[in-house]
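J.: With the input below, show me the fold.
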Amino acid sequence: MKVLILITLLSLVSCGSFEAKRVGSKESDEKALTITNKWLAQDTENVVQEILAQMTKHKGYKRYRKKHTSTPTVFVGEVKNLTSEPYFPINDINDEFLNEISASGEFILVDEAAREAILNEINYQNGDMVSEETRKEVGKQTGADLIIFGNVYMKPATRDGKTIKQYSVNIRMTDIEKGVEVMRVRTKLSKYSEESKYGW
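T.: Numbering: from 1, shown residues only. Prediction:
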């Protein structure tokens, strides 16, 4: 009887064990696909890389660069989440997009997130607290040539425990001075999942 109780206790302990290890982004993505059908970090990296590849090849952008030999200054607006998923990681897409645009060297970035802080600092410097030699003047900031906006859409379809989510990431670039669209690019990503009778 004591042996039976001991075996039972040992089996309960082994069932409740937990193991964790660090994995690379590729392995992490593969493992995540077995437990969730939500948007993953690798999805963000993939779509941003595809968008940037399309941007550099776009005929409209190439035409713009031929007319303007200097590196264009770009204001990157918000890429908006227009999916039905309230926890879609739109901030990750915005950050990744900014990081990759900066790393590409194709653009000079106007920092939208820091604008209010910069304005406050310039106003402070132009008060009586900062020496004339070091203060920065009002009206010297660089204006952007181009503005970039975007949206993410998702169309879901479900039947018999099977789900397909079709995402569309859309980016457009506009010449600020002329109000003319320079380019519009889009990439798509689909996620398929099957739910067993035991749950996901």
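J.: Please identify the buried residues of stretch 148-164?
T.: For stretch 148-164, burial by neighbour count (16 or more other C-beta atoms under 10 Å) applies to Ile148, Gly150, Asn151, Val152, Tyr153, Met154, Thr163. To be clear about C-beta, it is placed using only N, CA and C from the backbone, and glycine gets the same treatment.
J.: Need those in JSON lines (columns: distance to Val79 and pLDDT).
T.: Shown next, in JSON lines, are the buried residues of stretch 148-164 (distance: C-beta to C-beta, whole Å; pLDDT from 0 to 100):
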{"residue": "Ile148", "distance to Val79": "9", "pLDDT": "93"}
{"residue": "Gly150", "distance to Val79": "4", "pLDDT": "95"}
{"residue": "Asn151", "distance to Val79": "7", "pLDDT": "96"}
{"residue": "Val152", "distance to Val79": "7", "pLDDT": "96"}
{"residue": "Tyr153", "distance to Val79": "11", "pLDDT": "95"}
{"residue": "Met154", "distance to Val79": "14", "pLDDT": "93"}
{"residue": "Thr163", "distance to Val79": "24", "pLDDT": "86"}
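J.: Longest helix in this protein, please.
T.: helix 41-57 (DSSP state H).
J.: Which residues does it contact?
T.: 25-26, 28-29, 61, 89, 92-93, 96-97, 100-101, 104, 106, 167, 169, 171, 173, 183, 185-187, 189, 191 (C-beta atoms under 8 Å, 6 or more residues apart in numbering).
J.: Out of the residues you listed, which end up buried?
T.: Buried among the contacts of helix 41-57 by 16+ other C-beta under 10 Å: 29, 61, 89, 92-93, 96-97, 101, 167, 169, 171, 173, 183, 185-187, 189, 191.
J.: Thank you, goodbye.
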